[in-house]
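>>> Have a look at this prediction, sequence included:
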Amino acid sequence: MGDSQVFIIVAIGLGAIFAIWLIFYFIPVGIWFKALVSGVRISLLQLVIMRWRKVPVTIIVNSLIAATKAGLQLNRNSLEAHFLAGGNVTRVVNSLISADKANMKLDFQTATAIDLAGRDVLEAVKMSVNPKVIDTPSVTAVAKDGIQLICKARVTVRANIKQLVGGAGEETVLARVGEGIVSSIGSAHSHKSVLENPDSISKLVLDKGLDSGTAFEILSIDIADIDVGKNIGAFLQMDQANADKNIAQARAEERRAMAVATEQEMKAKAEEARANLIQAEAEIPKAIAEAFRQGNLGIMDYQRYQNIKADTKMRESISEPPSSKSKKGIKDQEKES
């Protein structure tokens, strides 16, 4: 046997192996037999067509087998359409099985809609059976007496299957609960009443219906911890007192500045009046000289004027107290020197 014949035999063998693999790939006999044994009716032609459409045959067949064993009747075309739409077929089928075992009403259309909306439908079913406890972050609020309270709460929620499509998420529930706690503490007249009855916060928050429009149903709100913070009212009063003090100081400074300005203005007016007086007194000798020239004033009249002036000066010196006289004498001596 020559080398060419050996090469032909090897090539034929490899071709046969590849042909057998290709046949078994496009005709999944093993999966078909598995479905047949499990009671799922599906033909080889349907499996081949699914291969050509690039649909995972194993996932579809295993999901049909699981649903059939659980007593659910699902359509192959519906599962295939859900996969082509970008959904998770395995998760949808498992959620339907869990809901059926828990006696929950969940149909295939609702489950696929929830899955395509981006929510975990299986987790939602589990949360409906076993409610979830959510711890809220620390919520700070101030009572009417000005005392700050720091509160932590635990919210027990259950998934609302009907509101999973289009309903608000967990963040919205926490925000609403925090808002309710703040308003409840803020409406309390004293922080002592809140510390004595923390369950009053839970009752007020639950009565507001905070779970409306969300994908959850609030079962209970429990106050886990509540602490006393700062005296915000005292700080506000101190700030107000400081502000009032600064305003009063500013107004007093304004009044002082106005008084100083008025005083300076009056001094200026007094100096002006004194200057006018000196100017007027300087005109007296001129007027006397003019009266002499015109003959309206004689020498006797001038002597009489000087006598009256001396008498007036004498009366003023007599009426002055001794202290003012000594001061005046010192001033006169200083002027003479």
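Sure, I can see it.
>>> which SS state does Ala291 fall under?
helix (DSSP: H, G, I helix; E, B strand; the rest coil).
>>> burial count for it?
By other C-beta atoms under 10 Å, the residues close to Ala291 number 14. (Each C-beta comes from the backbone N, C-alpha and C, glycine too.)
>>> Please apply the same query to Arg315.
Neighbour tally, Arg315, other C-beta under 10 Å: 10.
>>> any idea of the pLDDT on it?
What the model reports for Arg315 is a pLDDT of 76.
>>> Give me the buried positions along the helix or strand harbouring it.
Here Arg315 sits within helix 299-319, counting by DSSP states H and E. When neighbours are counted by 16 or more other C-beta atoms under 10 Å, no buried residue of helix 299-319 is found.
>>> for it, packing partners?
Judged by 3 or more C-beta pairs under 8 Å, 6 or more residues apart in numbering; DSSP states H and E, helix 299-319 is in contact with helix 232-294.
>>> Which elements pack onto the helix it packs on?
Helix 232-294 packs on strand 147-159, helix 299-319, going by 3+ C-beta pairs under 8 Å, 6+ apart.
>>> Make TSV from the ones you listed and add distance to Ser193 to it.
What follows is the helices and strands packed on helix 232-294, written out as TSV (distance: least, C-beta to C-beta, whole Å):
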stretch	distance to Ser193
strand 147-159	11
helix 299-319	81
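>>> Confidence-wise, which of the ones you listed is weakest overall?
Among the helices and strands packed on helix 232-294, helix 299-319 carries the lowest mean pLDDT (a mean of 76).
>>> Identify the residues contacting the nearest residue to Ser98 once chain neighbours are set aside.
Closest residue to Ser98 apart from its sequence neighbours, by C-beta to C-beta, 6 or more residues apart in numbering: Val125 at 4.8 Å. For Val125, the contact set (C-beta atoms under 8 Å, 6 or more residues apart in numbering) comprises Ser95, Ser98, Ala99, Ala102, Met104, Leu106, Ala159, Ile161.
>>> secondary structure class for Val125?
Under three-state DSSP, Val125 falls in the helix class.
>>> quick revisit: distance to Leu210, neighbour count and secondary structure added to the contacts of Val125, as JSON lines?
Shown next, in JSON lines, are the contacts of Val125 (distance: C-beta to C-beta, whole Å; neighbours: other C-beta atoms under 10 Å; DSSP: H, G, I helix; E, B strand; the rest coil):
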{"residue": "Ser95", "distance to Leu210": "27", "neighbour count": "26", "secondary structure": "helix"}
{"residue": "Ser98", "distance to Leu210": "28", "neighbour count": "19", "secondary structure": "helix"}
{"residue": "Ala99", "distance to Leu210": "26", "neighbour count": "24", "secondary structure": "helix"}
{"residue": "Ala102", "distance to Leu210": "26", "neighbour count": "13", "secondary structure": "coil"}
{"residue": "Met104", "distance to Leu210": "24", "neighbour count": "14", "secondary structure": "coil"}
{"residue": "Leu106", "distance to Leu210": "25", "neighbour count": "20", "secondary structure": "coil"}
{"residue": "Ala159", "distance to Leu210": "16", "neighbour count": "25", "secondary structure": "strand"}
{"residue": "Ile161", "distance to Leu210": "19", "neighbour count": "23", "secondary structure": "helix"}
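>>> what's the angle from the helix or strand Leu204 falls within to strand 147-159?
Leu204 is located in helix 199-206, with elements delineated by DSSP H and E. Relative orientation of helix 199-206 versus strand 147-159 (axes from the mean of the first three to the mean of the last three C-alpha atoms, to 10 degrees): 50 degrees.
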